[in-house]
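Asker: Compute the structure for the input listed below.
(one chain, ligands or ions: 1)
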Amino acid sequence: MPEQILLEQVVDKVRPLIGSGKVANYIPALGSVDPNKIAIAVTTADGQTIGAGDYLEPFSIQSISKVFSLTLALSLYTEDEIWSRVGKEPSGQSFNSLVQVELERGIPRNPFINAGALVIADLIQARQSAPKHRMLEEVRKLSGNSHICFDKNVANSEFKFSARNASIAYLMKSFGNFDGNVDTVLKNYFHYCSLKMNCADLSKAMFYLANRGKTLQNEQLVTPVQTRQLNALLATSGLYDGAGEFAYRVGMPGKSGVGGGIIAVIPGDMSICVWSPELDQNGNSLAGTRMLEHLSQALGRSIF
Ligand SMILES: NC(=O)CC[C@H](N)C(=O)O
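Answerer: Reported below is the predicted structural model:
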């Protein structure tokens, strides 16, 4: 199990990499984040959370929310209902690619690229009243932090510059794979992405992925088999077009977001969250990936 001192060493080792990536600015409200922030937090099998760096500072979780929405959809729909509308394969394309949706007739490759997450948000919208509020309640419960909020500024900024995501949704609609009102579903999806959480919150909230589906509060959120399946999808598609490189260097199921956060899991042992806002060319946190690589080497742990 990692000790506090190890987490501090990991942060110190990687800090010099700040300056070699690029903060996402295609969502204008994200562009103003301080690139010098760096953090790691780990929740271990005994339920303890430790952290180093800015691990109590909230950031925009962005696509990490796609893990929460898929988990939620699994509780609302049968497997067939979900997997007839979205695939389970790595995309090999950027996270917001439009061409693949056209070529594959409106069925997104997996639930972690934008097209797939929009289908999942469409499914949630069809079965839940107040989906934004319900998601907020869920993440507050999973992390034990009742102060978690949406960042309205980020959500509105994304909606204002939503041409690409709206195009993806309309293209899927043209193939009959999108039922709801596009603007309504986009607004829900952007709110999920705009959730502000810190590394400690996220490592706690993702604990169920390391604990056979049981949350820190000892609730069975998904079954042990579903947990294994979620981790398999995270290992193959959680880091977009960088999933192979991430598997090679880090060797854990993981999910990144363009806010610079990455969550990762060692099943049975721990859930981890790192944060550093500058991204690599695939849209994954550059120093964040490196922190996970150092941690996995120091612990001698990987799923492979
Ligand atoms: N990779 C990401 O984190 C992308 C999420 C972002 N909200 C988008 O839709 O573009």
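Asker: What parts of the stretch 1-150 of the chain come near the ligand?
Answerer: Counting by Cβ under 6 Å from any ligand atom, the residues of the stretch 1-150 of the chain lying close to the ligand are 62, 63, 95, 96, 114. Every C-beta, even on glycine, is put in place using the N, C-alpha and C of the backbone.
Asker: How is the protein partitioned into domains?
Answerer: 4-62+196-299, 64-195 (automatic domain parsing).
Asker: Of those, flag the one that's most buried.
Answerer: domain 4-62+196-299 (a mean of 21; mean count of other Cβ atoms under 10 Å).
Asker: Figure out the length between the terminal residues of it.
Answerer: Domain 4-62+196-299 has an end-to-end distance of 13 Å (Cα to Cα, to the nearest Å).
Asker: what residue ranges in the stretch 1-150 of the chain score low on pLDDT?
Answerer: Within the stretch 1-150 of the chain, not a single segment meets pLDDT under 70.
Asker: For it, which segments count as helices?
Answerer: Applying DSSP state H, counting those that start in this stretch to the stretch 1-150 of the chain gives helices spanning 4-14, 65-76, 79-83, 99-103, 114-127, 131-143.
Asker: helices or strands up against the second one?
Answerer: The one in question is helix 65-76. In terms of contacts (3 or more Cβ pairs under 8 Å, 6 or more residues apart in numbering; DSSP states H and E), helix 65-76 is packed against helix 114-127, helix 131-143, helix 182-194, helix 224-237.
Asker: Reformat those into CSV and put distance to residue 4 next to each item.
Answerer: Output for those, formatted as CSV (distance: least, Cβ to Cβ, whole Å):
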stretch, distance to residue 4
helix 114-127, 35
helix 131-143, 20
helix 182-194, 31
helix 224-237, 26
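Asker: can I assume residue 179 is in contact with residue 121?
Answerer: No. Using Cβ atoms under 8 Å, residue 179 makes no contact with residue 121, being 11.2 Å away.
Asker: Spell out which parts of the stretch 151-300 of the chain neighbour the ligand.
Answerer: So the stretch 151-300 of the chain meets the ligand at 158, 165, 193, 257, 258, 283 (Cβ under 6 Å from any ligand atom).
Asker: and the fourth one, what pLDDT?
Answerer: Here the pLDDT value assigned to residue 257 is 97.
Asker: Contacts only, for it.
Answerer: 60, 61, 62, 63, 64, 65, 193 (Cβ atoms under 8 Å, 6 or more residues apart in numbering).
Asker: circling back to that earlier point, between the residues of the stretch 151-300 of the chain next to the ligand, which sits nearest residue 277?
Answerer: residue 258 (9.1 Å; Cβ to Cβ).
Asker: Give me the nearest residue to that closest one, chain neighbours excluded.
Answerer: residue 24 (4.1 Å; Cβ to Cβ, 6 or more residues apart in numbering).
Asker: What of residue 284?
Answerer: Residue 284 sits nearest to residue 256 (Cβ to Cβ, 6+ apart), 4.2 Å away.
Asker: what sits against that neighbour?
Answerer: 63, 64, 238, 239, 240, 242, 262, 283, 284, 285, 288.
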